Structure formats: structure tokens, C-alpha cells
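Whatever this is, show me its structure:
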Amino acid sequence: MADTMQIGVASQVITPPLGSQMAGFDARKGVSDGVHDDLHAHAMILESGETRIALVSIEVIAVSADFSRRVRRRIETSIGIPAGHILLSATHTHCGPVTLHHFFNQGQSLDEEYLEHMAHAVVSAVEAAWRSRKPRQLRTGLAPCDGIAVNRRTNDGTPVDPFAGVLLVEELDGTTVAVAVNYACHTTVLGPDTLKTTQDFPFFTLERLRQQLGANVKAFYFNGAEGDLSVGHKSDLSAVGVVDSFRTFATAQRLGERLADSVLLSLPSLQLQPASLEIQVAEVNLPLKTYPPVEAMSAAREQALRDLEAMGPPAKDQPISPAFLRAKQKYLFARIEEYYARLYAESHYPEPKQLPVEVIVLRIGNLGIVSLPGEIFVQLALNVRARSPLQQTLFFGLTNDYIGYLPDMKANPQAGYEVVAARVPGEAMQILESAIDSMLNKVANAHPHGVV
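Numbering: from 1, shown residues only. Take a look at the predicted model:
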């Protein structure tokens, strides 16, 4: 059958032990003291002719380039899928283990034993998915979705991605095997006061899908262009420990189930995809920001700390003053910029210094998937999708590495956590858009039989 591929799916639990450090919030105090829900590595193998692709959802904040390189090499050696055809995509939960060093977790240590356990679990999930592959069919679509993500950098909460991507794997008789949801939003309903390991709101999305589609159905979550999207809290406040009262498991359940219901409503309209796979992999060089010497950045950080300490701790049971919040934010931003200045100084890239970024664009029938290794501002996804030659185009962020935020040209360089926490300036977005457009056209025009 023209719409039959060899498809396999499998999962492995990757929940860290109690007492582990938790990644994602500079303001968090304490280690994990319980498990609300397990974390997993979910793998989907797609094979058509000689082309094989592995889509892997890992329920952690991010994966490093070193981790990705090591795991992809093991998979390539084990079952022959080329490393460039393997997408290791983090869901970005902030209630999971420390998996890399970056600007947001300076001073936290890595548990190398756990990271090796996680690597083994990811490889095992992909190998199990490989063994389980059989002739199956794939249906995909864009599910209209509202009332969840909010643009946390704008007064009106827009733009957001108005769709959730849906991939539904079926047996040839129509029985559902697996469903994957691709949605753009920070998985940060829960704040720095949460010490329970959890997937955050995607847990409730995937639970509801399994309840409706069958307990044996595999359910995955892939994050999208979520760099400036959250569920309503402001990143500048969250980053310094201000926790809105709505950031609870009850809210995570309400929003997660709302996403699941949008997906369920879309199922009858999903499009059966032809068994045609194409992939493009490219290294795109992005300009790096420039910083003053590390000594100057360290002095700025030390001064910001002195200014904060001079204010004294806020009074108990009293609202935190705007001046104190500004001082905390100034200190946080100074720490981030010092981190990047040091990283910039220690890098060995030739002048002018650039950041090489792996971009993967693949086509599954009439569906395009674009993967990038950072937190992409949503406007890139909206721009590229509007020009895409394919009927459906999805974005997997946080894939195969973590390079920080990727802001757009409209982002205000004088204000905002995400812009401070970006290694690249706004013009990097234009470079990426141009590269992605070209790659999408190449995969669309390659062996176009059966593809619209």
C-alpha cells in the first residue's frame, strides 16, 4: 500500500531518584521529594524504503550536544539509523532532573550516573521501537487549539501558535497504536515551589488521550516554538521566584485536558500520509552576541549583588516591592550575561565568532517537521508555516542540543528575560528562516509522487 510505512513505537521510564536536584528555576530551593508522575523516553521509528527516522520525546528540560552525540552514535551503531536522522526532543519540563549545565542552572551539579541511565533508556526505547516496527499507517493534522498558551512578552498575549500538531499511528485495520502531540508552550504551569517530579501539564494531556483511545495506546508530547509562550505568568517574575497562585496541579490538569480535547476533536479530520520520507540536515552558522570582557561582566554581577543585599530581605507577609524585584532581576540578568561572556571568551570558534546550529527538516508524506536546538520564538514558526510548500508544517524545539533562546527581530533588546538569555541577536531568526525555507522546498520537491 502506498500509505503503509514500517512504524514502531516504544517507551522507557527515566524518572530520577528522590533527592535529585531539579532543573529549570534559579529560584527553586530544595531537591525532589516525591514523584507526581513518571518521566519517560518515547520513541517512534518511521521507515520507508531505505530511509529511516527516529522521533524521540524525552521528558526532561533539555539535552546537551554531548548527550545527544553520544546517544545518537549508539543508536546508529546498534540499528543503523543515521545520527542525522535521529531527533532527541526535550519536552522542557521544569520539574525534572538536571541534564546539562547552562545559564539557568549555574552551580548545579550533574549526576553522571543518572545521565548514563537516561542515555541507556533512550537507546533502549529506540531499539524496542525498532523491533516493534511493522506495516502501519500514519495520519496527521493540525488541531485548532486556544485557551492554553499565552505570549508572555506582549500585553495582549499574542502571537501564539493556534494549532497543535497531531500524529496518529494506526494498524492497517484502523486500530490506534500511538498518538503524538506537538504543541508550543513552556511546560511550566508548576513553579519553583514544586518539588515533585512531573511532566507538568502534558501528563494530563497524555493521560486523557490514553483514557479515550485505550490504555495500551502510546502517547507522546513534543514541544514546539515555545520561546516566548507560557500559560500566563511573566518570565521576569517567575525567574526570580514570584509564583502566581494559579500555578497548581489543578491548573495543569485543566489546561492539559483542554489540549487533549482539542486533539480528540481533530481525529476524524486527520490526513492519511503516503509512505514517503525525505530528510535534510544542515549546519547553519548564527552570529553570536558580543560582550564586554569577562572581568567587566563579573564586576557588574558583583555590583548587582551588593545592590540587592543592601536592600535587605523583604518583610514577611508583605508584598515584594517593585524596587526589590528590579534588583533581583538585575542580579539574575547580570549572572546570565556573565555566564555568556565567559562562554564566548572560552569558545574556539574562528572570528567573527558564530554559533553552528543543527537544523533538521524532514517530510513524511505531506507533513513537514522542522527541528531546532533552542527555545524558538513563535513568530519563526508562524512565518515559515505560512510559506511552507507542504500542507502541514510542525516545529520541534529543544532538539539534539540546547543553545538558549532564539528571539525574533521585534524582541526588545533592552527588556526581558528571554532576550537577555539568548546567545544570538534577533537577526539570527532571519538567517534560520531562510535556511528552513530552502530545506523545506528541497524535501517537498524530492520524489514528489503522491505528495501534494
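
contacts and neighbour counts: CA atoms only from here.
Fine.

Show me the strands in the stretch 151-300 of the chain, by range?
For the stretch 151-300 of the chain, the strands defined by DSSP state E, counting those that start in this stretch cover 163-170, 176-183, 196-197, 218-223, 229-230, 271-272, 277-287.

Phi, psi for Glu427 please.
phi -70, psi -20 (degrees, to the nearest 10).

Give me the pLDDT for it.
You'll see Glu427 listed with a pLDDT of 91.

And the one 3 residues further on, by the same measure?
Among the per-residue scores, Gln430 shows a pLDDT of 95.

helix/strand/coil for it?
Classification of Gln430 by DSSP: H, G, I helix; E, B strand; the rest coil places it in helix.

So that it lines up with my notes, have the first residue be 48 from now on.
Noted, 48 is the first residue going forward, which turns the last one into Gln477.

quick revisit: CSV for the strands of the stretch 198-347 of the chain, including mean neighbour count, mean pLDDT and distance to Gly359?
Shown next, in CSV, are the strands of the stretch 198-347 of the chain (neighbours: other CA atoms under 10 Å; pLDDT from 0 to 100; distance: least, CA to CA, whole Å):
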stretch, mean neighbour count, mean pLDDT, distance to Gly359
strand 210-217, 22, 98, 46
strand 223-230, 23, 98, 42
strand 243-244, 22, 98, 30
strand 265-270, 26, 98, 40
strand 276-277, 27, 96, 31
strand 318-319, 18, 97, 60
strand 324-334, 18, 96, 40
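
which stretch among those comes nearest Gln59?
Nearest to Gln59, of all the strands of the stretch 198-347 of the chain, is strand 265-270, at 11.3 Å by CA to CA.

Mind listing the strands that closest one pairs with, and their directions?
strand 223-230 (parallel) (DSSP bridges).

Take the partner strand, keep the C-alpha atoms, and write them as PDB.
Coordinates of the C-alpha atoms in strand 223-230 are reproduced here as PDB (Å, rounded to 0.1, in the frame of the first residue of the first chain):
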ATOM      1  CA  THR A 223      -4.900   3.200  17.200                       C
ATOM      2  CA  VAL A 224      -1.300   2.300  18.200                       C
ATOM      3  CA  ALA A 225       0.100   5.700  19.200                       C
ATOM      4  CA  VAL A 226      -0.600   9.400  19.200                       C
ATOM      5  CA  ALA A 227       1.900  12.200  19.400                       C
ATOM      6  CA  VAL A 228       1.000  15.800  20.200                       C
ATOM      7  CA  ASN A 229       3.200  18.700  19.200                       C
ATOM      8  CA  TYR A 230       2.300  22.000  21.000                       C
END
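
any idea how far the residue nearest to Ala347 when sequence neighbours are not counted is from Ala343?
Distances taken as CA to CA, 6 or more residues apart in numbering place Ala381 nearest to Ala347, at 6.4 Å, with adjacent residues excluded. According to CA to CA, to the nearest Å, Ala381 stands 11 Å off from Ala343.

Name the residue in the two with the higher neighbour count.
A direct count of neighbours by other CA atoms under 10 Å for Ala381 and Ala343 places Ala381 higher, at 22 against 13.

For Ala272, give me the pLDDT.
Per the predicted model, pLDDT is 97 at Ala272.

And Ala469, by the same measure?
For Ala469, the predicted pLDDT is 92.

That one is in contact with Asp455, isn't it?
No. Counting by CA atoms under 8 Å, Ala469 stays clear of Asp455, with 10.6 Å between them.

Summarise which helices and strands the helix or strand hosting the residue nearest to Ala347 is packed against.
Using DSSP states H and E, the element containing Ala381 is helix 369-393. Helices and strands touching helix 369-393, by 3 or more CA pairs under 8 Å, 6 or more residues apart in numbering; DSSP states H and E, are helix 341-358, helix 464-467.

list the helices and strands the last one packs on?
Which is helix 464-467. Using 3+ CA pairs under 8 Å, 6+ apart: helix 464-467 touches helix 282-285, helix 369-393.

Dump these to CSV, plus mean pLDDT and distance to Glu106.
Shown next, in CSV, are the helices and strands packed on helix 464-467 (pLDDT from 0 to 100; distance: least, CA to CA, whole Å):
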stretch, mean pLDDT, distance to Glu106
helix 282-285, 61, 21
helix 369-393, 88, 25
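
Setting aside sequence-adjacent positions, which residue approaches Thr298 most closely?
Nearest non-adjacent residue to Thr298 (CA to CA, 6+ apart): Val236, at 7.1 Å.

Pass me the low-pLDDT residue ranges in this structure, would you?
Judged by pLDDT under 70, the chain has its weakly predicted residues at 48-50, 282-290, 396-397, 459-462, 494-499.
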